[in-house]
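1. 3D model of this:
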Amino acid sequence: MTELKKTISFTRGMGLAICMLIGTGILALPGLALDAGTVYEAILGWFLIAIVAVPLIEVCSSLGLKFPSTAGLAGYAEKAVGPWGGYAVSYLVGGSFFFGLPAVALIGSEYMKQLFQLSDTGAALFAVLLVTLMFLSNMAGMKVISLINYASLAVLFLLIGLLIAFNLDFLGSGLGIASEALSGNAHIDLHNIWKVAALLFWAFIGWENLSFSLGEINDPDKNVPRLYWLSFALVTSIYLLLALISTGASVSGASLQGAAGLSGLVLFTPGGKLLIWLMIVVIAANACSWNFTASRLLYSGSRNRIFPEVFGKLSKRNIPVPSLVGLYALSIFLVLGSYLFKIPVSTMMLFVSQNYVFLYAFIIIAYWKTENGWKKWIFSALSLVSLSFLVSGFTWKIAYPVFLIGFGYYRFLRSTDEIFTSKLPASRLPASKLSASKLPASRNDIAHCEDSPEISSLVEH
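-> Numbers count the residues shown, from 1 in each chain. Just a heads-up that it's a prediction; the model follows:
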């Protein structure tokens, strides 16, 4: 079996963790939060989701320390409920990409709409163009994707730095709004606060994906907890600072509502429209990363017969073309559906967020089963309270993740039955099925599962 070497130092790990978290979400969420509630409700939503995330970070950190392997979330799910948990996790994450890919494209189209005053039809066509570019760049191969990602990260941090540095005057107003909201001197609608917080959960999706890289971390006993907590502190500080500035700018008269809300801040930042172009570049690169990760998940899951086998094929250039074509067709369909039925991008983001809420449920169960002492009870309880709060307002929408989990379980049962009816030798059966049937897995299949491309890919928000 090929073992991945421990080549990720603490510094590299911090860079990886931060890049997994800061992406498209930071450009869209400040405006969407202001769209979902008043300035008071928006800032309370930011503070609340930061608090809600604390016990979840402790759970992820603890599991990462106990099980620093490339199995990641699938390994946690199996610890929680058994072998079928890997199937459920695959469908939950896959179902998130179902809405996440077109959502990222639509965020880009909103910025383009602001820049050129496009009609709704024009914005939809640009979203289709962005999806097409996302598809073509992935067809070009890993070198092109890597180049795009490195460039976009540099641009992203430049953008955040400029937006904060040249808009600090609004920070005082934002802190004043926060003080009024926390003191109870403002009218607050609790449902709107929930809606803002549930939407903002998108910004805190990423730490669970870090689990796929922990098998390569140097000195995991020391570095894994540091990676989780320091990255959480740094990223949350950036989020809250930008949220306070956006709130202060909004009460000062700037128009910041909507997915392209931060475009309003460029009016007070040197560079003006050039910065909006840079934002679009970042979003386009982020869409490529989402598509890359989704295609690898679909390819690897197909190789293990979790998804249809047609998606488990590679081209001569080692590119999962069927997976990319399937995702392209799906994204075009949903972008056009969003245009025709006037589905807001925030609704798509909420679907993704609620899937990850259910994903965290598997993680918490795994934590409760493997932790000892007082931490087991305290952080399991706090995490469940956090998830219960986030789930509480989804109402009928929770049917979607429940269906995905149920379908994953159904696929697991079907796959297990196939072991006893198939004429394939054990060496050709996926490791996940072999585990369920107590048959020995082949070295090649296990190595394929552990070294599959999606476990080390980067998802940005």
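
2. where does the protein have low pLDDT?
-> 1-8, 16, 19-20, 69-72, 209-216, 419-461 (pLDDT under 70).

3. okay, which residue is most central for it?
-> In the chain, the centroid-proximal residue (CA atoms, centre = their mean) is residue 205; its distance is 4.3 Å.

4. hang on, isn't that residue packed against residue 349?
-> No: counting by CB atoms under 8 Å, residue 205 does not reach residue 349; the two are 10.0 Å apart. In this view, the C-beta of every residue, glycine as well, is placed from N, C-alpha and C.

5. check the gap between the residue nearest to the centre of the chain and residue 111 for me.
-> 21 Å (CB to CB, to the nearest Å).

6. same check on residue 361?
-> Residue 361 is 34 Å from residue 111, by CB to CB.

7. these two: which is more packed in?
-> residue 111 (25 against 20; other CB atoms under 10 Å).

8. thought the more buried one was touching residue 282?
-> No: with contact defined as CB under 8 Å, residue 111 does not count as touching residue 282 (9.6 Å).

9. tell me the residues that contact both of those two, please.
-> Between them, residue 111 and residue 282 share these contacting residues under CB atoms under 8 Å, 6 or more residues apart in numbering: residue 27.

10. quick check: residue 94 vs residue 33, distance?
-> When residue 94 is compared with residue 33 (using CB to CB), they lie 27 Å apart.

11. check residue 373 too.
-> With distances taken as CB to CB, residue 373 is found 38 Å from residue 33.

12. settle it for me: which of residue 94 and residue 33 has more neighbours?
-> residue 33 (29 against 18).

13. can you tell me, leaving aside adjacent residues, what's nearest to that one?
-> Closest residue in space to residue 33, ignoring its immediate chain neighbours: residue 42 at 4.2 Å, by CB to CB, 6 or more residues apart in numbering.

14. same check on residue 311?
-> Nearest non-adjacent residue to residue 311, counting by CB to CB, 6+ apart: residue 302, 4.0 Å away.

15. give me the number of residues near the one you found?
-> The burial count for residue 302: 20, using other CB under 10 Å.

16. so it touches residue 314, yeah?
-> No: using CB under 8 Å, residue 302 is not in contact with residue 314; the gap is 10.8 Å.

17. shared neighbours of the two, anything?
-> By CB under 8 Å, 6+ apart, no residue touches both residue 302 and residue 314.

18. follow-up on the earlier one: the residue nearest to residue 33: which element?
-> Assigned by DSSP states H and E, residue 42 belongs to helix 39-66.

19. show me where the stretch 101-250 of the chain has helices.
-> Under the criterion DSSP state H, counting those that start in this stretch, the stretch 101-250 of the chain contains helices at 120-140, 142-165, 171-183, 190-200, 220-251.

20. just send these back as JSON lines, with distance to residue 59 and mean neighbour count too.
-> Below are those laid out as JSON lines (distance: least, CB to CB, whole Å; neighbours: other CB atoms under 10 Å):
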{"stretch": "helix 120-140", "distance to residue 59": "33", "mean neighbour count": "19"}
{"stretch": "helix 142-165", "distance to residue 59": "28", "mean neighbour count": "16"}
{"stretch": "helix 171-183", "distance to residue 59": "27", "mean neighbour count": "16"}
{"stretch": "helix 190-200", "distance to residue 59": "18", "mean neighbour count": "21"}
{"stretch": "helix 220-251", "distance to residue 59": "10", "mean neighbour count": "20"}
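
21. quick one: the residue nearest to residue 311 from residue 317, how far?
-> Distance from residue 302 to residue 317, by CB to CB: 18 Å.

22. what's the closest non-adjacent residue to residue 102?
-> residue 334 (4.1 Å).

23. what is the orientation angle of the helix or strand harbouring the one you found with helix 120-140?
-> Residue 334 is located in helix 321-341, with elements delineated by DSSP H and E. If you take axes from the mean of the first three to the mean of the last three CA atoms, to 10 degrees, helix 321-341 sits at 170 degrees to helix 120-140.
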